[in-house]
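# I'd like to go over a predicted model; first the sequence, then the structure.
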Amino acid sequence: MSNEHTAHTRALLIGPFPPPVGGDTVLTANLSRSRFWSEGGIVLDRVDTSAGDRVRLPDERLGPGDLLRGARIVALVASKLRRSDVVLLWCNNRFVVTAGLGIMLCCRVARRPLFVKVFGGYLAERLARLSSPWRRFAVELLRGVDCVFAETKALERELVAGAGLPAGRVALLPNYIPSGVAAAASPGRRFSGKCVFFGQMKREKGIFEIVEAIGAREAFSCDFYGPFAERDRRAFHEAISGHPNLRYRGVVEPGSVIRAAREYDVLLLPTFHPSEGYPAVILEAYAAGIPVVATRWRSIPEIVIDGETGLLVSVHSPSEIIGALDALRAAPGRYETMCRKASEFVRSFSEEEVVGRMLVPAVAAAASRRRRGRRSSTCRP
C-alpha cells in the first residue's frame, strides 16, 4: 500500500477495550493492533470507553456514574481533536445516541472527518425508540458524519430505508478475523459430541437452552467460557449441578478463542440477544475449522449458511438444538463437509480484506480530503 497520501496521518480511535472480555472490547483491541495502520502511514491514538469489568445487561438503565463517565469521555476526545486528522468512533447502539452525540458535535465543530461503527445490528431500532426530538437530533448528527459503518447487511439497509441516512454515507464493515490465526479444517475430522460456548454468560445468549438441551444427554458435552452477568451466575451454576457433561471453564484470554475452539467439534450459540449482529465468535469458530449451531435470530442467517457452515435452530428451542447435534452425529460426511465450508467461508472476513482493503483506505482518503479542504461526498475511498 502506498504511503503517498497517508504519511503523518493521526487517527483517534474511540472505543471499548477489555475488560470485560466480550465481542465489542476484543474487536476494538484487535483493530488497534492491526499492522495495516502503520503500513498505511497512519498513527493511532485511542480513548477507552469501557465501563470496567462488569457485564452489562440489555436495556440496562444509565446511572449517574454512566453520565459522568460519558462527560469525561467527551471532554477527553475534545482535548485530543487538535492533534487528530481523523476520528473513528467504535461503540454500541446505546453509546452512539448518548455520549456519541457529544463526540459527533465536537468533530463537527472541529471539522474532523468522523467514521462511526456501531456494534451489532440494533441501531435503527434504537433510533426508532427515541423520543421524536432526540431522534431527529441523533439522525441529523449521524447524517453529517463521513461514514456510518454497519456490521450487517440488514442494518445497512435499515439505516438508509428506515432511519433516513444517505446511502452514500452508510457502508457495510463486518467483523473480521485477525491475520495469521485461521487454520484449514482437518481432513477426516469426526463429530464426537464435544460442544463449546464462548461469550458473555447471560441468559440472552441462550446458555440455559444449552443446559436444557444436553444436560441429560451423556452422548454430548459442553464447556462454557466467558465472564458472567451477575444476575445469572448463581442460576447457571445451579442448572449445571449434577450434569458432569456440562462445565464452566472460566474466561478465555482475548486472542485465544480460536486456539481453544480447535479442541471442540461445534460451537453452540442459541442467542436471542436484542443487539446481536455478526457475532465474532461465529467467525472465530469457522477460523478454528468447526461449524456452528445457532439461532435464526436477526442477521445470524447472513453468516451461518444453514446446512453448509452450520445448522440454524429456532429461538428458545432446546429440542431443535439436540436435533441438530443428533443430525451431525448421524452424518459424518456431512459434518466433515461443514467443517471445510466453514473454513472457506471465513476467508472473506479476514483482517486483510476488512481493515487493509476497506477501512484503512477510507480513513486515508478522508484525511487527504481534509488536507485539501474538501468534504467527502461518500464514505468509499
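Happy to help now that I have it.

# Of all the residues in stretch 289-306, which ones are buried?
Within stretch 289-306, the residues that qualify as buried are 289-295, 297-300, 303-305, counting by 16 or more other CB atoms under 10 Å. Just so you know, the C-beta spots here come from the backbone N, C-alpha and C atoms, and that holds for glycine as well.

# per-residue pLDDT, residue 4?
Listed pLDDT for residue 4 reads 43.

# Likewise for residue 22?
For residue 22, the pLDDT comes out at 84.

# Look up how far residue 194 lies from the residue nearest to residue 212 when sequence neighbours are not counted.
Using CB to CB, 6 or more residues apart in numbering and skipping residues adjacent in sequence, the residue nearest residue 212 is residue 318, 4.1 Å away. Going from residue 318 to residue 194 by CB to CB, to the nearest Å gives 18 Å.

# who's more crowded, these two?
Set residue 318 next to residue 194 and count neighbours by other CB atoms under 10 Å: residue 318 wins out with 18 against 15.

# Sketch out the low-pLDDT regions of the stretch 1-150 of the chain for me.
1-7 (pLDDT under 70).

# check contacts around residue 171.
Residues near residue 171 by CB atoms under 8 Å, 6 or more residues apart in numbering: 147-150, 156, 362, 379-380.

# Verify the stated contact: residue 334 with residue 340.
No. Between residue 334 and residue 340 there is no contact under CB atoms under 8 Å: 10.9 Å.

# which of the contacts of residue 171 lies closest to residue 90?
In terms of CB to CB, no member of the contacts of residue 171 lies closer to residue 90 than residue 149, at 8.8 Å.

# Next, the closest residue to that closest one other than its chain neighbours: phi, psi?
In space, and not counting its chain neighbours, residue 149 is closest to residue 173: 3.6 Å by CB to CB, 6+ apart. Dihedral pair for residue 173: phi -140, psi 90, per degrees, to the nearest 10.

# Same question for residue 43.
phi -100, psi 130.

# is it in a bridge, and if so with what?
Counting by DSSP bridges, residue 43 is bridged to residue 10.

# circling back: make TSV out of the buried residues of stretch 289-306 and add distance to residue 181, secondary structure and pLDDT.
TSV is the format used below for the buried residues of stretch 289-306 (distance: CB to CB, whole Å; DSSP: H, G, I helix; E, B strand; the rest coil; pLDDT from 0 to 100):
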residue	distance to residue 181	secondary structure	pLDDT
289	12	coil	94
290	14	coil	96
291	18	coil	97
292	17	strand	98
293	22	strand	98
294	21	strand	98
295	26	strand	98
297	26	coil	98
298	26	coil	96
299	23	coil	97
300	22	helix	98
303	18	coil	98
304	20	coil	98
305	22	coil	98
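
# Farthest-apart pair in those residues, please.
289 and 298 (25.3 Å).

# all strands of this protein, in order?
9-15, 42-48, 86-91, 114-118, 147-150, 170-172, 194-198, 221-225, 246-248, 266-269, 292-295, 310-313 (DSSP state E).

# winner for burial among those?
Mean neighbour count (mean count of other CB atoms under 10 Å) peaks for strand 266-269 among these, with a mean of 28.

# Show residues contacting that one.
With contact meaning CB under 8 Å, 6+ apart, strand 266-269 is reached by 191, 194-199, 205-206, 210, 222, 261, 279, 281-282, 285, 290-295, 300, 310, 321, 325, 328.

# Residue 69 contacts residue 51, doesn't it?
Yes. With contact defined as CB under 8 Å, residue 69 and residue 51 form a contacting pair (6.7 Å).

# what do the two both touch?
By CB under 8 Å, 6+ apart, no residue touches both residue 69 and residue 51.

# so what does the helix with the most length in the chain touch, helix or strand wise?
In terms of residue count, the longest helix belonging to the chain (DSSP state H) is helix 64-80. Counting contacts by 3 or more CB pairs under 8 Å, 6 or more residues apart in numbering; DSSP states H and E, helix 64-80 is packed against strand 9-15, strand 42-48, helix 99-110.

# how does it look with 7 Å?
For helix 64-80, the packing partners by 3 or more CB pairs under 7 Å, 6 or more residues apart in numbering; DSSP states H and E come out as strand 42-48, helix 99-110.

# ok, now which ones touch residue 342?
Residue 342 is in contact with 185, 286, 289-291, 309-310, counting by CB atoms under 7 Å, 6 or more residues apart in numbering.

# Can you tell me which of those residues is closest to residue 274?
The nearest member of those to residue 274, counting by CB to CB, is residue 310 at 21.6 Å.

# Now do the contacts for the residue nearest to residue 288 when sequence neighbours are not counted.
Distance criterion CB to CB, 6+ apart; nearest residue to residue 288, sequence neighbours excluded, is residue 261 at 3.7 Å. Contact analysis of residue 261 by CB under 7 Å, 6+ apart lists 196, 267, 284-285, 288, 290.

# quick one: contacts for residue 271?
204-206, 294-295, 297.

# farthest-separated two in those residues?
Top of the distance list for those (CB to CB): 204 and 294, 13.7 Å.

# List the buried residues of stretch 133-149.
135, 138-139, 141-142, 145-149.

# Kindly apply the preceding question to stretch 219-237 instead.
By 16+ other CB under 10 Å, the buried positions in stretch 219-237 come out as 220-229, 232, 236.
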